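> fold the following and give me the result.
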Amino acid sequence: MSIYSLNPQERKIVTLAAIGGMLEFYDFVVYGIFSVYFAHQFFPGTNALIVILESYLVFVLGYIARPIGGVIFSHIGDEYGRKKVLITTIVLMGISSLGIGFLPVYAQIGIVAPLLLLILRLIQGLALGGELPSTYVYISETIAKKRGVAFGITMTGVNAGLLLGMLINHALNSLLTTEQLTNFGWRIPFIIGGFICIISYRIRKTLHETAVFQRIHDKPKLPLVYLLRNHFLPFLAGTGTVALMASTVVVTIVFMPTYLKEMLKLDSQTISYSMMAVMFFNVIAIYLTGLIAQRHEPVVMLRILLLLCCFLIPLSYFLFYHNYFIYGLTILGLLEGGATMLTPYIISSIFESRIRLTGVALCYNVGFTLFGGLAPLIITHSIKSGFNVYLTPSVYLLAAVLVCAIALAFVPYKQLLKN
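Numbering: from 1, shown residues only. Modelled structure (predicted):
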């Protein structure tokens, strides 16, 4: 059988993991996509940038909850199994998404509205902190010899959740006016996400526990403590490696609609069409990167990607400056696609099986909190303080490239090849 071919059981595993990841990622990122419509209803004010900052503070707190969720659910996953985490997190994501969709606004219940929004976002953050790392570990342990293809398909599915969000955004912008989107339309994607989580829950129940986990007998009582004592350098290296993926995901996809609308003053229809085109090329880039990674060393591929970023990120914002938004966005989307496929492959391969989920979850969530969750606040605050509106996002992304490059030098290659 070809190294690019998956047998029926492997195809089932990858498909179930991809669908579940797609729905959960969709639920989480629609906040970033639609916050521009509901921010004023939960954080009333006269300064648009201040309102955006307040709204994205809640966004950041959702990210801050991710490491906590990662610690909780990775402990469960390393102690009781990966499947339990995958089922629990999808239920929490569905509940929180429906809650946001039906949440009263500030004018109706006052300060309780933003507080409830914060609580629901924290629940989302906790759930996602365990969800995606568990998916990465599940794929790595069940399809070890075809991880390139498996991660390529899985991450294509996960990022398709972003594309689903873009398609719903486009549909709503086509069917509703800006006033209607502000009044009630922004609730629709959250309600849809909550209901489709039910589908994912039913799918997840058919998965079986990984054979690798079932063979573990000498589990540490406190996986987190064991990890920090015995694998601290790999943890730091893995966290830094996540920098490129986290920054490009948030800046290019989650924050970009707000950036284009509020700071570059593009109309909603142009943004909608542009983001859909970007996501189309993005998922193709992820899949093709997975095929290449089946034959070539992923660390070497990520190094090449980092070099490309040094030239292509400034080029993309140069294109923004000259109003060639679609071309600049496409470049960023392709770079994000490569990083999104390679990063989970690498970090899921550098820890021993008995603390693998704890290691992956901590690297992934701390990295996303530091380099992704803070991105909207840093970029918006910098622009508000007078920094160049085109240069600021580019500088932020290049800083993440530097962090990733330094961290990658400390990735334990022997462990990577052995796993």
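> what is the helix or strand harbouring N365 packed up against?
Take DSSP states H and E as the rule and N365 turns out to sit in helix 356-368. Using 3 or more Cβ pairs under 8 Å, 6 or more residues apart in numbering; DSSP states H and E as the contact criterion, the secondary-structure elements in contact with helix 356-368 are helix 48-80, helix 112-142, helix 223-230, helix 232-249, helix 325-347. Yep, even glycine has a C-beta here, placed from its N, CA and C like the rest.
> low-confidence ranges, the protein, go.
Using pLDDT under 70 as the threshold, the predicted model of the chain has low-confidence ranges 1-4, 24-25, 28-29, 32, 45-60, 63, 211, 214, 216, 413-419.
> how about CSV for the helices and strands packed on helix 356-368, with distance to V36 and mean neighbour count added?
Rendered in CSV, the data for the helices and strands packed on helix 356-368 read as follows (distance: least, Cβ to Cβ, whole Å; neighbours: other Cβ atoms under 10 Å):
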stretch, distance to V36, mean neighbour count
helix 48-80, 8, 22
helix 112-142, 15, 24
helix 223-230, 37, 17
helix 232-249, 18, 24
helix 325-347, 17, 25
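> so which of these gets nearest S96?
Each of the helices and strands packed on helix 356-368 was scored for nearness to S96 using Cβ to Cβ, and the closest is helix 112-142 (4.2 Å).
> could you give the angle of that closest one to helix 356-368?
Direction vectors for helix 112-142 and helix 356-368, defined by axes from the mean of the first three to the mean of the last three Cα atoms, to 10 degrees, enclose an angle of 130 degrees.
> ok now helix 112-142, how far from the chain's centre?
Relative to the mean C-alpha coordinate of its chain, helix 112-142 is positioned 10 Å out (Cα atoms, centre = their mean, to the nearest Å).
> following the helix holding N365, which helix or strand comes up?
Where DSSP H and E defines the elements, the next helix or strand beyond helix 356-368 is helix 375-384.
> which secondary structure elements does that next one sit against?
Packing partners of helix 375-384 (3+ Cβ pairs under 8 Å, 6+ apart): helix 48-80, helix 391-408.
> now do the buried residues in the last one.
In other words, helix 391-408. Taking 16 or more other Cβ atoms under 10 Å as the basis for neighbour counts, the residues of helix 391-408 that come out buried are 392-394, 396-397, 400-401, 403-405, 407-408.
> format the helices and strands packed on helix 375-384 as CSV; extra columns: distance to T289.
As requested, the helices and strands packed on helix 375-384 are arranged in CSV below (distance: least, Cβ to Cβ, whole Å):
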stretch, distance to T289
helix 48-80, 24
helix 391-408, 16
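> out of those helices, flag the one nearest A237.
Judged by Cβ to Cβ, the one of the helices and strands packed on helix 375-384 that comes nearest to A237 is helix 391-408, at 5.0 Å.
> touching that closest one from outside, list them.
By Cβ atoms under 8 Å, 6 or more residues apart in numbering, the surrounding residues in contact with helix 391-408 are 236-244, 246-248, 251, 259, 299, 302-303, 306, 309-310, 313-314, 316-317, 371, 375, 378-379, 382-383.
> buried sites along the biggest helix by length in the chain?
Of all segments of type helix in the chain, defined using DSSP state H, the longest is helix 8-42. By neighbour count, and taking 16+ other Cβ under 10 Å as the criterion, the buried residues in helix 8-42 are 10, 13-14, 16-42.
> packing partners for it?
For helix 8-42, where contacts count as 3+ Cβ pairs under 8 Å, 6+ apart, the packed elements are helix 48-80, helix 82-101, helix 106-109, helix 112-142, helix 147-175, helix 187-204, helix 256-258.
> now render those as a markdown table, adding distance to L264.
Below are these laid out as a markdown table (distance: least, Cβ to Cβ, whole Å):
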| stretch | distance to L264 |
| --- | --- |
| helix 48-80 | 13 |
| helix 82-101 | 27 |
| helix 106-109 | 28 |
| helix 112-142 | 26 |
| helix 147-175 | 17 |
| helix 187-204 | 23 |
| helix 256-258 | 10 |
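> ok, which of those comes nearest A293?
If you check each of the helices and strands packed on helix 8-42 against A293 by Cβ to Cβ, helix 147-175 wins as the nearest, at 3.7 Å.
> other SSEs contacting that closest one?
Helix 147-175 is packed against helix 8-42, helix 112-142, helix 187-204, helix 268-293, helix 325-347, with contacts defined by 3+ Cβ pairs under 8 Å, 6+ apart.
> circling back: go through the helices and strands packed on helix 8-42 and name the closest to F325.
Smallest distance to F325 across the helices and strands packed on helix 8-42 (Cβ to Cβ): 9.9 Å, for helix 256-258.
> tell me the spacing between K221 and I355.
With distances taken as Cβ to Cβ, to the nearest Å, K221 is found 11 Å from I355.
> compare these two (neighbour count), which wins?
Using other Cβ atoms under 10 Å as the criterion, K221 and I355 rank with I355 on top: 24 against 8.
> residues touching the nearest residue to that one once chain neighbours are set aside, list them.
Beyond its immediate neighbours in the sequence, the residue positioned closest to I355 (Cβ to Cβ, 6 or more residues apart in numbering) is P223, lying 4.6 Å away. Residues counted as contacts of P223 (Cβ under 8 Å, 6+ apart) are 74-75, 78-79, 354-355, 357-358.
> just those residues now: which is nearest R215?
R354 (9.9 Å).
> burial check on the closest one, number of neighbours?
What R354 shows, counting by other Cβ under 10 Å, is a neighbour count of 19.
> just how off-centre is the helix holding N365 within its chain?
The answer for helix 356-368 is 13 Å, by Cα atoms, centre = their mean.
> I'd say I199 and M22 touch.
No: counting by Cβ atoms under 8 Å, I199 stays clear of M22, with 10.8 Å between them.
> closest to L6 out of the helices and strands packed on helix 8-42?
Set against L6 and scored by Cβ to Cβ, the helices and strands packed on helix 8-42 come closest in helix 147-175, at 6.5 Å.
> circling back: can I get the helices and strands packed on helix 147-175 in TSV with distance to F102?
Compiled in TSV, those are given as follows (distance: least, Cβ to Cβ, whole Å):
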stretch	distance to F102
helix 8-42	13
helix 112-142	10
helix 187-204	7
helix 268-293	24
helix 325-347	31
